[in-house]
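Trainee: the following comprises the amino acid sequence and a computationally predicted model.
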Amino acid sequence: MSWMPEPEPTPLRLRLGPRAESPLPVSPVFEDAIVERAESFAQTQPAAEASTPEQPVVDATHPLRAAASEELQRAVEQTSERVERWMADQRRRLGVGIDAMVASLKEQRDVELSRIEEWKVRERERAERQLAEEKEKFHAQLLQELVEFEHQLGERLREQEERLAKWWDEAEQLTKQRFADFGLSSEASDSPKA
């Protein structure tokens, strides 16, 4: 990192703007008081230096000083009243702003609640539709398995019937042969004895 000298500070007149070099206007009441005060100070300066050089001589009973004090007191009271009005206005504005913000939050909450309710309804309908589709698929699958089972059962029953028919034929032939071996006819054995 390279070292650089600090820039020169900005002159006060540039920081304060175009009014920085013009003097503040002085009220005529204060102007007379300032002139009189300067004259009074010039007359009493040698005596003041002898007694107390650091404390200026102040005449509290002077009428201009009393007028200036009253003017200053009036200005302070007006400023105090303005500050009180400003603070009351700020409190009122703050109250109105907070009320508006609460109302806005309530509206947003209501909008969000309605969106959530709509979403819940949509999700419930979707879940019910999906459940119905799953039930239908499951029912179709069970039905298909049942049909396949019945088909297999039918095939096995047919096979069993064929085997039984074959066994029955074999049994009849064996019976006829045995009767023939004993010299009896199979019709005589089939007829009831009297």
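Mentor: Great, that's in hand.

Trainee: can you map out the helices along this structure?
Mentor: Counting by DSSP state H, the segments of the chain that form helices are 12-16, 28-51, 63-182, 186-190.

Trainee: can you pull the buried residues of stretch 150-160?
Mentor: When burial is assessed from 16 or more other CB atoms under 10 Å, stretch 150-160 yields no buried residues. All C-beta atoms are positioned from the backbone trio N, CA, C, and that covers glycine.

Trainee: now do that stretch: everything it contacts.
Mentor: Residues outside stretch 150-160 that contact it (CB atoms under 8 Å, 6 or more residues apart in numbering): none.

Trainee: quick one, which of the helices of the chain is packed in tightest?
Mentor: Burial among those, expressed as mean neighbours by mean count of other CB atoms under 10 Å, is greatest for helix 28-51, which shows a mean of 12.

Trainee: average pLDDT across that helix?
Mentor: Helix 28-51 carries an average pLDDT of 60.

Trainee: and stretch 143-154, by the same measure?
Mentor: What stretch 143-154 shows for mean pLDDT is 92.

Trainee: thinking again about what came up before, comparing the helices of the chain, which yields the minimum mean pLDDT?
Mentor: Mean pLDDT per stretch puts helix 186-190 lowest among these, at a mean of 52.
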